[in-house]
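Engineer: Sequence first, then the predicted structure:
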Amino acid sequence: MGFPGVWMTESESMVYRVVPKCACSSIGQIMFYSDHGRYFDGDIHDATEGLHKWAYERSQQPIENAVRNGQALSFTCVRNPYGRILSSFFDKIAGIQRNGNRYRGKLVPQLIQTYGIEVGSPEDGFDFDQINSFRRFLLFARDTIRWRRPMEPDIHWSAISGHVSTFITNGGHYDQIFFTETFNDGMRKVLAAAETPVQLDVEDVPRFNESEGHGPKRAHKISDYFDDLSRHLVWEMYHNDFKLFRYDFDDPDNKMPVGDIDLDEVHAKLGR
C-alpha cells in the first residue's frame with residue numbers, strides 16, 4: 001500500500017503525513033521553504049515540483065527509502081475533533097472553493113436535497129441557519145463514516161487517527177506529533193530536530209489558510225453547534241481521536257489538549 005498522504009522535502013530532511021484540516025497548507029509551505037528559501041507561489045497542494053508527494057510515482061521510491069531507513073524526521077499534526085469537523089463544514093460544504101465552484105460538484109446539492117442542509121450563497125452573504133445546517137451535516141458525515149453511504153467518507157472529515165495510522169501500519173514511525181492549537185511550538189521542535197538546508201523562524205511564517213475568505217464566517221461559539229445528539233455523533237466518529245490525542249470531549253469550547261501525546265501508545269494502538 002505504501003505511504004499515501006505523505007509529503008517529503010527533496011533534501012529528505014522531513015517526512016510528513018498530511019492530515020487534512022490540520023494546518024497542512026502551512027506545514028507544506030514551511031517544508032518547501034526549508035529546501036528552497038522561498039514559499040511556493042500558490043496553494044501548496046497544487047505543487048508538482050519542489051516537494052516529494054506520494055501521489056507522484058517519481059516520489060514514491062525516495063519516500064519509501066527515507067521512511068524505511070529512518071533517517072528523515074517523520075511527523076504529523078493533529079487537531080481538536082470539534083474544531084476540525086466545524087472547519088470542514090464551513091470550508092467544504094458552506095464555502096466556495098478556490099476554483100469558484102462548490103466542493104465535489106454535486107455533493108452540496110445532494111446534501112440540500114437529502115439532508116435538508118442550507119448553505120446560503122455569496123449573493124445573500126451566506127445567510128442561513130448555521131447551527132441547524134451543521135447538525136444536519138453531522139448526520140451525513142456519520143452516515144459516510146459508519147455505513148459508507150451515500151458515499152465513502154471524505155478525507156476532510158474522516159477520523160484523524162485513520163490518517164495517522166496508515167503511516168504506522170505500512171512500516172513508518174513518527175518521531176513527533178504536535179497540535180494545531182500550539183502550532184508554532186510544535187513546528188519549531190520539528191525544525192530544530194531536522195537538518196534543513198535553509199533555516200527559518202516559525203514566528204515569521206505567514207498563515208496559509210487556503211479556505212479563508214471563500215465562505216461564511218462562524219457566527220457562534222463552538223459549543224452552540226453541538227447539542228447532545230451532535231456530541232453523541234462526534235464521539236461515535238472520533239472517540240479514538242479524543243482519547244489518543246488528549247482532547248477534551250466534555251467541553252467543546254476547550255480547544256486545547258488536556259495532556260501530552262504518548263507516541264508509544266499511538267504506535268501500539270494504531271499499528272495493529
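Structural biologist: Structure received.
Engineer: The stretch 101-250 of the chain: strands as residue ranges?
Structural biologist: Taking DSSP state E, counting those that start in this stretch as the criterion, the stretch 101-250 of the chain carries its strands at 176-179.
Engineer: Low-confidence bits of it, can you list those?
Structural biologist: Applying pLDDT under 70 to the stretch 101-250 of the chain flags residues 210-213.
Engineer: So which residues of it form helices?
Structural biologist: According to DSSP state H, counting those that start in this stretch, the stretch 101-250 of the chain carries its helices in the segments 107-115, 130-147, 160-169, 183-193, 228-244.
Engineer: Mind putting the ones you listed into TSV with distance to I177?
Structural biologist: Where C-beta positions appear, they are placed from N, C-alpha and C, glycine not excepted. Shown next, in TSV, are the helices of the stretch 101-250 of the chain (distance: least, Cβ to Cβ, whole Å):
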stretch	distance to I177
helix 107-115	30
helix 130-147	22
helix 160-169	7
helix 183-193	8
helix 228-244	9
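Engineer: which one of the ones you listed lies closest to G259?
Structural biologist: G259 lies closest to helix 228-244 among those, at 10.4 Å (Cβ to Cβ).
Engineer: so the closest one versus helix 130-147, what angle?
Structural biologist: 60 degrees (axes from the mean of the first three to the mean of the last three Cα atoms, to 10 degrees).
Engineer: chain center to the helix or strand that helix 228-244 is followed by: distance?
Structural biologist: Downstream of helix 228-244, the next assigned helix or strand under DSSP states H and E is helix 263-270. With Cα atoms, centre = their mean, to the nearest Å as the basis, helix 263-270 stands 19 Å off its chain's centre.
Engineer: pLDDT on helix 263-270, on average?
Structural biologist: Mean pLDDT, computed over helix 263-270, is 98.
Engineer: Now do the buried residues in that helix.
Structural biologist: Within helix 263-270, the residues that qualify as buried are 266-267, 270, counting by 16 or more other Cβ atoms under 10 Å.
Engineer: what's the closest of the helices of the stretch 101-250 of the chain to M14?
Structural biologist: The nearest among the helices of the stretch 101-250 of the chain, by Cβ to Cβ, is helix 183-193 at 6.9 Å.
Engineer: buried set for stretch 218-230?
Structural biologist: Within stretch 218-230, the residues that qualify as buried are 218, 222, 225-226, 230, counting by 16+ other Cβ under 10 Å.
Engineer: same thing with stretch 53-73?
Structural biologist: Neighbour counts over stretch 53-73 (16+ other Cβ under 10 Å) mark 53-54, 59-60, 63-64, 66-67, 72-73 as buried.
Engineer: what sits against T169?
Structural biologist: 270-272 (Cβ atoms under 8 Å, 6 or more residues apart in numbering).
Engineer: again, only this time at 10 Å
Structural biologist: By Cβ atoms under 10 Å, 6 or more residues apart in numbering, the contact list for T169 reads 1, 270-272.
Engineer: Mind checking which of those residues are buried?
Structural biologist: L270.
Engineer: Is it possible to get JSON lines of the contacts of T169 that adds distance to N184?
Structural biologist: Below are those laid out as JSON lines (distance: Cβ to Cβ, whole Å):
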{"residue": "M1", "distance to N184": "33"}
{"residue": "L270", "distance to N184": "26"}
{"residue": "G271", "distance to N184": "29"}
{"residue": "R272", "distance to N184": "33"}
